[in-house]
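**Student:** A predicted structure for the sequence below; I have some questions about it.
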Amino acid sequence: MSGKYNIRKLLSTAVMIGLLGTACKKIDEGFLSEGLYVPDAPITVERGNPFQKTAAILPDGTTQPMVVKLLDIRRADNKKHADEFFKTYPVYVYTASVDPAKDTTIEQVNKKRALKSLQPFIFLPSGQFVFNGATDSLPLGITYEYDVEVSNVAGSKTYKNIGTLTTADPQLVKETSAGCNMFPDDGSPTVPMPVPTLTVTKIKESGAMVILKITDKLGNPFNPKNGEIIKRGDRPIFENYARFHPIEYTDTSMICNFEIAPFPLSKYSANGTNWNYLMYYRIPMKFVKIDPSLSAKVGTINPLFQFRLMKAGTYVVEIRIDKITRVPG
């Protein structure tokens, strides 16, 4: 009996020693997945957007909390470090919203904004980019790739080329429409005209300027300085939307420094009527030759149109009216 008892005792002791050995062995904590990913990649960076926030990196089962650190941003075409993302640029930061009905001077606008030097983004521990208006200084149409490091209780890993960024402009022009009629001098019914062609051409990235031209079928501009373009009753015109600087009238155009995008900043309302973004003009009949194919009568030409520019820059806006030829004054 004693021999069997001793064998059992020795076996029990061996099992206990094995269990103790197992208990002393370090158990790995947490999990750090190889499959982390950016859900909204490829990311489009809208240049000039004052606030754009991307989605957080998805953990794919990774133990939380995890911390994401940005390691590098490179141009995808040449693999060089993207210095442009890490420079600072002058950007207006608004401390309050601008009300174009009340803030009608540049002095009033300046009380609600400050010019700061900003890097185009901040990077959050969640793996999110928060872009700001300094992105307007980034080159257009360039694709970048970036690397991150992710850390948690399980350690840290580097994720090369986890996502891409491509710079793009937002839709530059919205709310476009145009129309035109001829009002015969003899008081007979209005003569409908073909819809004018409205074109918007961005000629510079810098500035905040609209050069507005109303032209005949050949592209010859009417002269607003000489009275070839006049307002139409109590309806809104270009200057009703130019809140912060006076309109400059030249021999060929009307020029507005709109200061803040979008332009117009808001719709125009007066005496209980919402005019949306419409502008109404009249071209006196002495400055117009009407194509016989349209009408044998003479009269004034009455264009109306609207447009909205969503981003700063310098633009030429042309309203070209078919079936008429300018007669210089």
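**Tutor:** Great, that's in hand. Numbers count the residues shown, from 1 in each chain.
**Student:** tell me, how many residues neighbour the nearest residue to Lys289 once chain neighbours are set aside?
**Tutor:** With sequence-adjacent residues excluded and distances taken as C-beta to C-beta, 6 or more residues apart in numbering, Lys289 is closest to Thr325, at 4.4 Å. C-betas here are computed from N, CA, C, even on glycine. By other C-beta atoms under 10 Å, 14 other residues sit near Thr325.
**Student:** try Lys231
**Tutor:** 15.
**Student:** look up which residues are beta-bridged to it.
**Tutor:** Tyr281 (DSSP bridges).
**Student:** picking that back up, does the residue nearest to Lys289 touch Thr215 like I think?
**Tutor:** No - Thr325 lies out of contact with Thr215 (C-beta atoms under 8 Å); the separation is 10.5 Å.
**Student:** joint contacts of these two?
**Tutor:** Common contacts of Thr325 and Thr215 (C-beta atoms under 8 Å, 6 or more residues apart in numbering): none found.
**Student:** ok so, going back, got the contact list for the residue nearest to Lys289?
**Tutor:** Each residue near Thr325 by C-beta under 8 Å, 6+ apart is listed here: 216-218, 220, 288-289, 291.
**Student:** would a markdown table of the residues you listed with secondary structure and neighbour count be doable?
**Tutor:** What follows is those, written out as a markdown table (DSSP: H, G, I helix; E, B strand; the rest coil; neighbours: other C-beta atoms under 10 Å):
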| residue | secondary structure | neighbour count |
| --- | --- | --- |
| Asp216 | coil | 21 |
| Lys217 | coil | 16 |
| Leu218 | coil | 9 |
| Asn220 | coil | 16 |
| Val288 | strand | 21 |
| Lys289 | strand | 13 |
| Asp291 | coil | 12 |
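**Student:** show me where the stretch 201-329 of the chain has its strands.
**Tutor:** Using DSSP state E, counting those that start in this stretch, the strands assigned to the stretch 201-329 of the chain run over residues 208-215, 230-231, 248-249, 254-257, 269-270, 273-274, 279-282, 288-290, 299-309, 313-320, 324-326.
**Student:** out of these, flag the one nearest Thr176.
**Tutor:** strand 299-309 (4.9 Å; C-beta to C-beta).
**Student:** for that closest one, the averaged confidence score.
**Tutor:** For strand 299-309, the mean pLDDT works out to 98.
**Student:** same for it, what does it pack against?
**Tutor:** Contacts defined by 3 or more C-beta pairs under 8 Å, 6 or more residues apart in numbering; DSSP states H and E place strand 299-309 against strand 173-184, strand 197-204, strand 279-282, strand 288-290, strand 313-320.
**Student:** dump these to TSV, plus distance to Ile211 and mean pLDDT.
**Tutor:** Listed next are the helices and strands packed on strand 299-309 as TSV, based on distance: least, C-beta to C-beta, whole Å; pLDDT from 0 to 100:
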stretch	distance to Ile211	mean pLDDT
strand 173-184	14	97
strand 197-204	8	97
strand 279-282	14	98
strand 288-290	22	97
strand 313-320	5	97
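**Student:** tell me how far Val148 lies from Gln52.
**Tutor:** 19 Å (C-beta to C-beta, to the nearest Å).
**Student:** oh, I was asking about Thr314
**Tutor:** On the measure of C-beta to C-beta, Thr314 and Gln52 end up 24 Å apart.
**Student:** then Ser156?
**Tutor:** Distance from Ser156 to Gln52, by C-beta to C-beta: 28 Å.
**Student:** higher neighbour count, those two?
**Tutor:** Set Ser156 next to Gln52 and count neighbours by other C-beta under 10 Å: Gln52 wins out with 19 against 12.
**Student:** contact partners for the more buried one?
**Tutor:** Neighbours of Gln52 in contact, by C-beta under 8 Å, 6+ apart: 45-46, 129-132, 135.
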